[in-house]
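Colleague: I would like the atomic coordinates for the input below:
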Amino acid sequence: MRVWLDTMIYGIVEGLTEFLPISSTGHLIITENLLRDTRSEFFLVGIQAGAVLAIVLIYRRKLLDMAFHLLKPANRDYALKLTSAFVITGALTLTAKRAGFTLPESALPVTWATLIGALVIFSAEHALRHRQPRESINWPTAVIIGLAQVMAAVFPGTSRSGATIIAAMLCGASRSAAAEFSFLLSIPTMFAATAYSLLGLHRKTAVDFHGEFGHFTVGFIVSTLVAFLVVRWLLGYVRSHSFIPFAWYRLALGLGLLAWFYMR
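Modeller: Next comes the predicted model:
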């Protein structure tokens, strides 16, 4: 019973943190350390895909419009920019994986990334105070967003959504345009990551796939429901608010974790 409760906690944590600029991967690693319940990379990546399903539901009309009217210049241009950012992310992340990169088992690297991320948000918001944003994503911005997403994948605690949204804003995009592009980009990115992890799990004959799949399903459903509520709230929030509160949260969390590491 305890292991299923932990599974639901993982799903809640993922749904709450995937699209906020506070790092879902970082919080999952922290949760793993606090619960002392180690989960496979397939489970951790898979429940992130559950949160991304919430994006599919929220943006279903835009996605259908792009799919059925892809030849319209605006739709074709937007889809090509999403594809380019995804290809950049996929190619560089696969290179890192084949070079032997794995997620850290300790929460200490995540702690430092959390603190650094707080400072980045403070600095970015200060730099953006007097800028006039545009309601679109241009090609240089799409490329930079793809690179920012790679950085988030390589350094857990960075926050994929935070890195991509802030990168887009620093390139001149409005908060709403940056958030929408980041959220839509998460769809192919996280579904591809889940498929890649599933393929790796299938090749490991020592893994109990059926037992893992049950926990994955529960975590997937919980993260989808929670993420749906969080994203609906966040889309309204970003129209008229900065990310400063999230920077303060990251700072408090990072300092608290540092104290916990060095005082235990």
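Colleague: Helices of the stretch 1-150 of the chain, start to end?
Modeller: Counting by DSSP state H, counting those that start in this stretch, the stretch 1-150 of the chain has helices at residues 2-17, 24-35, 41-58, 60-68, 73-98, 108-127, 139-154.
Colleague: Pick out the shakiest of those, pLDDT-wise.
Modeller: Mean pLDDT is lowest for helix 24-35 out of the helices of the stretch 1-150 of the chain, coming in at a mean of 82.
Colleague: can you pull the contacts of the residue nearest to M8 when sequence neighbours are not counted?
Modeller: Distance criterion C-beta to C-beta, 6 or more residues apart in numbering; nearest residue to M8, sequence neighbours excluded, is V222 at 5.4 Å. From N, CA and C alone the C-beta is placed, and that goes for glycine too. Applying C-beta atoms under 8 Å, 6 or more residues apart in numbering to V222 gives the contacts 7-8, 11-12, 15, 47, 50.
Colleague: Just the buried ones from those residues?
Modeller: 7, 11-12, 15, 47, 50 (16 or more other C-beta atoms under 10 Å).
Colleague: still on that earlier bit, just the contacts of V222 now: which is nearest D37?
Modeller: T7 (8.7 Å; C-beta to C-beta).
Colleague: With adjacent residues omitted, what lies nearest to V56?
Modeller: Excluding the flanking residues, the one nearest V56 by C-beta to C-beta, 6+ apart is I187, at 6.1 Å.
Colleague: pretty sure Q149 is touching A91, no?
Modeller: No. At 11.6 Å, Q149 does not count as touching A91 under the criterion of C-beta atoms under 8 Å.
Colleague: Settle it for me: which of those two has more neighbours?
Modeller: Neighbours were counted for Q149 and for A91 using other C-beta atoms under 10 Å; Q149 has more, 27 against 11.
Colleague: What residues does the closest residue to that one other than its chain neighbours make contact with?
Modeller: Spatial nearest neighbour of Q149, excluding adjacent residues (C-beta to C-beta, 6+ apart): T89 at 4.5 Å. The contact partners of T89, taken as C-beta under 8 Å, 6+ apart, are 146, 149-150, 153, 185, 189.
Colleague: same thing with L20?
Modeller: Counting by C-beta under 8 Å, 6+ apart, L20 touches 159, 161-162, 230, 234, 246.
Colleague: if you set the cut-off to 10 Å instead, what comes out?
Modeller: 27, 159, 161-162, 227, 230-231, 233-234, 237, 243, 246, 249 (C-beta atoms under 10 Å, 6 or more residues apart in numbering).
Colleague: What's the ChimeraX line that selects buried ones from those residues?
Modeller: Buried residues within the contacts of L20, by 16+ other C-beta under 10 Å, are selected in ChimeraX with:
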select :27,159,161,162,227,230,231,234,237,243,246,249
